[in-house]
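Participant: Structure for this input, please:
(chains A and B)
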Number of protein chains: 2
Amino acid sequence: MTRNHTPKSLAVLLRARMHPDALPSPPPQLSPPPPSTDPDPAAPPAASVRHWLHAAASAASPAPATLDSFSDGYRSLDRVGRREVLRSLATDYDVPRARVRDLMRQYMSVASVAAAGGDGAEADEGKEGAGAALYRMERGLREALRPRYAGFLEAMNAQPGGLKLLAVLRADLLALLGEENAPALRALDSYLKEKLVTWLSPAALTLHRITWDDPASLLEKIVAYEVCGRFPVDFDLAVHPIRNLIDLKRRLGVGRRCFGYFHPAIPGEPLIFIEVALHKDMAASIQEVLWDEPPTPESEASCALFYSISSTQPGLSGINLGKFLLKRVIDMLRRDMPSVQIFATLSPIPGFMQWLRAKLASQIKLAETESQEGNSLEGASSTFRESILLSDEEKMIHNAIEQAHGKQGIELLQDILKTSQWVKSEKLSAALKSPLMRLCARYLAREKIRGKALDAVANFHLQNGAMIERINWMADQSEKGIQQSGGIMVNYLYRLENIEEYALSYSGKGLVHSSPTLSQYLEVTVTSV
Amino acid sequence: MTRNHTPKSLAVLLRARMHPDALPSPPPQLSPPPPSTDPDPAAPPAASVRHWLHAAASAASPAPATLDSFSDGYRSLDRVGRREVLRSLATDYDVPRARVRDLMRQYMSVASVAAAGGDGAEADEGKEGAGAALYRMERGLREALRPRYAGFLEAMNAQPGGLKLLAVLRADLLALLGEENAPALRALDSYLKEKLVTWLSPAALTLHRITWDDPASLLEKIVAYEVCGRFPVDFDLAVHPIRNLIDLKRRLGVGRRCFGYFHPAIPGEPLIFIEVALHKDMAASIQEVLWDEPPTPESEASCALFYSISSTQPGLSGINLGKFLLKRVIDMLRRDMPSVQIFATLSPIPGFMQWLRAKLASQIKLAETESQEGNSLEGASSTFRESILLSDEEKMIHNAIEQAHGKQGIELLQDILKTSQWVKSEKLSAALKSPLMRLCARYLAREKIRGKALDAVANFHLQNGAMIERINWMADQSEKGIQQSGGIMVNYLYRLENIEEYALSYSGKGLVHSSPTLSQYLEVTVTSV
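Facilitator: Residues are numbered from 1 along each chain as shown, chains lettered A, B, ... in the order given. Got it, this is the predicted structure:
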């Protein structure tokens, strides 16, 4: 019962799709290396790329031509070649440990002398000489503790097209880490992520409202990332280019907004974009968002509903660009549309069913063990047992099933949830509504991992300062929706006056804020097994 | 005979002017602090600002409202108040030294165990457990070695308007460091500069050609930074708004280009801008650049002459934005104007006269000491003596002076250079041309500090990959030009095929590339005293 680690979970949330660049699209074709340092032309491509990596990583300031050769070479490699380069980057240009140890020994002796002479006070105060030496050594240590690939990454980022290459490289690295969890690779990912967070600081990003007047090359990318994604997949619409373009025009038309976050180094393509529908009230189902003609004139809209957030760069997963995007979009909407007072989402609950199925399986197993071992051991194993269903709910499920075969409620529920067929039975749907809604509320608001919401989308919005406002039955009746969350969707609400406070109390204390409506589900006490 | 330290010298080069924001313009007026943490309303402003600093610097993720309060408060402070805040920032939120020492002790024991078990090989290879622990501890150490103000600076940069505030703060800090060279303040400057370099990575900057079609608010800023600067000051034109605007229109018109580097966080204002004149040949004097009607049709121009580079943010001094700007401007001009083959500057030599005057003074002093002490000690002090003038040059100077009073050539030269009057005498000018041109070539190409060119502008262009092409007599006859460089100006040439190579050999070995014309001056051997 663990949440996927952050990068993957955010990829789920943000519906990131693999970018073409992350795939080895062009055939191996290398641009000529710098004249003085030609690698063996017969060498395999990965070796050439490692050669350029070496030339770039060992120079104090790598030549742009070398960096370009590395970029072109890396992009031309297949998966195996790229992984060879990534492993080399992570291990051959690692932290210079011998130097770190030397500097530490020096620092410790200076620091202890300085501390000893200062009757307990910090060494840097009052004693200029020792203070200056400490600062100098601390700077040297910070420098030495940087892996040797740090300079290469910095130089690559400064290069035209370099940020994009680093995003591709990190996407490959995340895929590799899924199969090969080596400490050096993990350290490379962690360092690169840290740098990307700095380079992609909100200060460097520009918010732009995407409209039908934008260049076709940009709109085409939105189509590639989004229209081919959520709606057509969820609703089984035919994936047809013209259909997609028509759909996109609708999404950019009256009653809707689309905003993208752009970085100067990756022009003509948003790093992340958000889609908004203007409504009278907070929508309770995906159908309410799928209109062709706006149900409410824009001037009368009082709710801005965020119905899709898409990240376009898999290599940037785990970097919360959405938080700042949401904030700035809210600011912009408030300024332009004073009538809009409600800022809410209609969001999927990607982990609910997975959690519930695992919960049911473990409880059924515990129950089996108990009945096999008899009453003598009951006390021991029942410590882990909990009541999943209320007695009323258990009764309703029993009544809805024709052949119960003497099974318990949780066993029946497990059977029912194996497929999506129950949605087609009015009786079953009615019987499942009450327990699924109650358990969904519990899953969203109570189930935690490392102090944060287990559900990745919930965690995303809660950390941004939202509250859980409402869960909606049969809000997404697509096959995927039923499989993921029993068709339930949730509205997260951004209350302007509480955003900062909620974000703070969630990040600090893991406090989940929810509406009284949601609390009703949570206050039901389960007393009988 | 030391070159100014980098920030100051680049400020000279880039003709940075104090930005209004760096001055305490508005009267002390504080926005209300966050409700729960009100400072004493009777407290002096600096104390309030320190209160917000404390609130922001101690939080894991500072609230935007707190950061805004700090910004507004800081801007409203006078010089004394700002300095109090800067001192507090540098010393109260310093590196947590006790924690650093603890982590180092832990690291050293793990690292030595890992190293001992690995028969000489690096600890991270092969042994996953120890390797993972080392990486984790190195990350922890990197974190601990960051001063406690690091998070505050990062959060401020992410805030709208934050980058600008940090630039203001650094400008104040540089001014304070000029008077109070405390290690903690220097460490703060060095850390902040390092962060600014990352945040202002060329990847985050946009190149924009500034034209007369740009918003008036932008052009007004160019006028404020540039037109009130170089030309009117140098040529004593009346600083009149209309005159400036007309001048600006000329600088953006046919035959000229102006390019700015913009950052999304400081919109509507370039961080640095460069002005280009399109010529048939490389201009040899400022007069050749001051045309009203283009001397050459744009289509026939073969030389792009960079005649002005201006940095607008004093707080960004020492951060070489010009290098990338030059590179991208050259790329853009090459693409748009294939007929342009020569990329050169017409640059001042800000340190020449200062260096020469100091040289003359020290040699005169040595000569006096020698004559006082007699011949017995001649050997000892003459080690430091060198010949400044050639015998022919000495003769010419003697001939040009009516009353030499038995003085030596260097004494006469010192007297002559005390004012700018010599320019008005044809005889004196003719006598001075040969020694000044020769000494200027020596100053530019040979005089070094810490392995780099002593002249700040020379250092700037050489590190960018230029070569010294030509020095020009009477190229800038303004009072300032005569005082700074005897009226000499220099053309640095950017040869596309050599830029990278020259930049590399200069940064690595301090190699100064110069043309055969310049070498002629350098090959003259001084034999007689």
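Participant: Burial check on A:Arg450, number of neighbours?
Facilitator: A:Arg450 has 8 neighbours, counted by other C-beta atoms under 10 Å in any protein chain shown. Where C-beta positions appear, they are placed from N, C-alpha and C, glycine not excepted.
Participant: Distance-wise, check it relative to chain B.
Facilitator: 15 Å (C-beta to the nearest C-beta, to the nearest Å).
Participant: do A:Leu248 as well
Facilitator: Taking C-beta to the nearest C-beta, one finds A:Leu248 at 26 Å from chain B.
Participant: low pLDDT regions in chain A?
Facilitator: Counting by pLDDT under 70, the low-confidence segments of chain A come to A:1-44, A:113-128, A:226-243, A:373-383, A:524-529.
Participant: close enough to count as contact, A:His263 and A:Ala204?
Facilitator: Yes. Assessed by C-beta atoms under 8 Å, A:His263 is found in contact with A:Ala204 at 6.1 Å.
Participant: Would you mind listing the residues touching both of the two?
Facilitator: Common neighbours of A:His263 and A:Ala204, using C-beta atoms under 8 Å, 6 or more residues apart in numbering or on different chains, are B:Ala204.
Participant: and the stretch 301-450 of chain A, which of its residues are near chain B?
Facilitator: Where the stretch 301-450 of chain A comes near chain B, counting by C-beta under 8 Å from any C-beta of the partner chain, the residues are A:Phe324.
Participant: Which parts of the stretch 301-450 of chain A are strands?
Facilitator: Under the criterion DSSP state E, counting those that start in this stretch, strands of the stretch 301-450 of chain A are mapped to A:303-311, A:342-345, A:448-449.
Participant: what about stretch A:403-415, distance to the chain center?
Facilitator: 36 Å (C-alpha atoms, centre = their mean, to the nearest Å).
Participant: okay, how far is it across it, tip to tip?
Facilitator: Start-to-end span of stretch A:403-415 (C-alpha to C-alpha, to the nearest Å) is 12 Å.
Participant: Residues contacting it, please?
Facilitator: Contacts for stretch A:403-415 (C-beta under 8 Å, 6+ apart): A:357, A:360-361, A:363-364, A:367, A:388-389, A:393-394, A:397-398, A:401, A:432, A:435.
Participant: one more time with 10 Å, if that's ok
Facilitator: Residues from elsewhere that reach stretch A:403-415 (C-beta atoms under 10 Å, 6 or more residues apart in numbering or on different chains): A:356-357, A:359-361, A:363-364, A:367-368, A:387-391, A:393-398, A:400-401, A:422, A:431-432, A:435-436, A:439, A:529.
Participant: Now for A:Lys249, how many residues are close by?
Facilitator: 11.
Participant: Let me see the domain layout of chain A.
Facilitator: Under the assignment the TED database, the domains of chain A span A:45-94+A:147-200, A:97-145, A:202-347, A:352-371+A:388-524.
Participant: looking at those domains, which is buried most?
Facilitator: The highest mean neighbour count among the domains of chain A, using mean count of other C-beta atoms under 10 Å in any protein chain shown, belongs to domain A:45-94+A:147-200: a mean of 20.
Participant: do that one and chain B meet at all?
Facilitator: Yes. Residues of domain A:45-94+A:147-200 contacting chain B under C-beta under 10 Å from any C-beta of the partner chain: A:59-66, A:90-91, A:94, A:147, A:154, A:156-164, A:166, A:181-184, A:186-188, A:190-191, A:194-195, A:197-200.
Participant: tell me how far the ends of stretch A:347-356 are from each other?
Facilitator: 18 Å.
Participant: returning to what we had before: out of the domains of chain A, the one nearest B:Gly510 is which?
Facilitator: domain A:45-94+A:147-200 (13.2 Å; C-beta to C-beta).
Participant: end-to-end on that closest one?
Facilitator: Note: domain A:45-94+A:147-200 ends 31 Å apart using C-alpha to C-alpha.
Participant: Kindly report the same for stretch A:206-222.
Facilitator: 17 Å.
Participant: quick check, that stretch touching chain B?
Facilitator: Yes. Using C-beta under 10 Å from any C-beta, stretch A:206-222 reaches chain B at A:206-207.
Participant: next one: that stretch to chain centre, how far?
Facilitator: The answer for stretch A:206-222 is 23 Å, by C-alpha atoms, centre = their mean.
Participant: for stretch A:448-464, same thing?
Facilitator: On C-alpha atoms, centre = their mean, the centre of stretch A:448-464 falls 11 Å from that of its chain.
Participant: got the CA positions of it in PDB?
Facilitator: Output in PDB follows, covering the C-alpha atoms of stretch A:448-464 (Å, rounded to 0.1, in the frame of the first residue of the first chain):
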ATOM      1  CA  LYS A 448      -1.400   8.900   4.300                       C
ATOM      2  CA  ILE A 449       2.100   8.000   3.300                       C
ATOM      3  CA  ARG A 450       5.000   9.700   5.000                       C
ATOM      4  CA  GLY A 451       2.500  12.200   6.400                       C
ATOM      5  CA  LYS A 452       1.000  13.200   3.100                       C
ATOM      6  CA  ALA A 453      -2.100  12.100   1.200                       C
ATOM      7  CA  LEU A 454      -1.700   8.700  -0.300                       C
ATOM      8  CA  ASP A 455      -3.500   9.800  -3.500                       C
ATOM      9  CA  ALA A 456      -1.100  11.600  -5.800                       C
ATOM     10  CA  VAL A 457      -3.600  14.100  -7.100                       C
ATOM     11  CA  ALA A 458      -5.000  14.800  -3.700                       C
ATOM     12  CA  ASN A 459      -1.400  15.400  -2.500                       C
ATOM     13  CA  PHE A 460      -0.800  17.800  -5.400                       C
ATOM     14  CA  HIS A 461      -3.800  20.000  -4.700                       C
ATOM     15  CA  LEU A 462      -3.500  19.800  -0.900                       C
ATOM     16  CA  GLN A 463       0.100  21.000  -1.000                       C
ATOM     17  CA  ASN A 464      -1.000  23.800  -3.300                       C
END
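Participant: on that earlier part again, export the strands of the stretch 301-450 of chain A as CSV, with columns for distance to A:Trp52.
Facilitator: Output for these, formatted as CSV (distance: least, C-beta to C-beta, whole Å):
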stretch, distance to A:Trp52
strand A:303-311, 30
strand A:342-345, 45
strand A:448-449, 41
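Participant: pretty sure A:Ala284 belongs to a strand, no?
Facilitator: No. Counting by DSSP: H, G, I helix; E, B strand; the rest coil, A:Ala284 is not part of a strand but coil.
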